[in-house]
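> Sharing a sequence plus its predicted fold:
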Amino acid sequence: MTNTRVRAYRIISALAAVAAATVTVAVVHDTQSVAVAGESCAARVNLALPDGAGQVTLRVLNGTRTAGLAERVSEDFENRGFVMRKPAKSKTASDEVAVIEFGPKSVGAAQWIRAFFLGQAEPRFLPSRTTDVIDVVIGDRYRQLATQTEVNQSLAQLGEPELPPGTCASPS
C-alpha cells in the first residue's frame, strides 16, 4: 500500500470515530422527553387521579324537571368529602344519566367522577376551561350515586384517563 492510501484510510477512520462520538453525545444528552411527530398540542392536561375527594371541586347542575335534585346530589358528593360549589339549574336539559364537563386541569379527576355514575355519564372535555371545577349536569336517567365498592369496580373498568384529542399530558 502506498503512503497516500494509508493516510486516506487514517483520515476516514478518524472522521468515522468523530461522527460516532458526536452521535453518541447527542443521543445521551437529548432533552426531549416525548417527541410526537406531526401532532399539535392545543392544551396540556392533568391525567393524574386525585389522592382524595378533598382535591376535587364539583358543581352539580340540575338538567331535569325534578326540583331539588341538584341539591340532593350535591349533598351526596359533599358527604363523600368532595369540595362543592353551590348547585344550580342547568341551562339545557339532559336525557343522559349525567354529563361531566371538565377542562385541562381536571381530566383525571373527571374520570374518577364518571365512576360514581358507573361509567354511564357522558364526558365532555372543554379545552378553553381554565378552572379545575368539574360541572356535573344531572340528567333524566339518573337514579343514584354508586357505592364506594361500585365506584372502585367502575374505575377499574374505565381504566386510566386518556388524552383528549389535540392535547398532551402535562409533566407530573
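That came through, no problem.

> any low-confidence regions in the protein?
Applying pLDDT under 70 to the chain flags residues 32-40, 172.

> how much space between the nearest residue to R141 once chain neighbours are set aside and P87?
Leaving out its chain neighbours, the residue that sits closest to R141 by CB to CB, 6 or more residues apart in numbering is V97, at 4.6 Å. Where you see a C-beta, it was placed from the backbone N, CA and C, and this is true even at glycine. Here V97 is placed at a distance of 17 Å from P87 (CB to CB, to the nearest Å).

> More neighbours: these two, which one.
With neighbours defined as other CB atoms under 10 Å, V97 and P87 compare such that P87 has more, 21 against 17.

> give the contact list for that one.
The neighbours of P87, taking CB atoms under 8 Å, 6 or more residues apart in numbering as the test, are R59, V60, L61, N62, A70, E71, V73, S74.

> In contact with the third one: list those residues for me.
Each residue near L61 by CB under 8 Å, 6+ apart is listed here: A70, P87, A88, K89, S90, D135, V136, V137, I138.

> now the second one
If you count contacts by CB under 8 Å, 6+ apart, V60 has them with A70, E71, V73, S74, F77, M84, P87, D135, V136, I138.

> what does the last one give?
S74 sits next to L58, V60, M84, P87 when contact means CB under 8 Å, 6+ apart.
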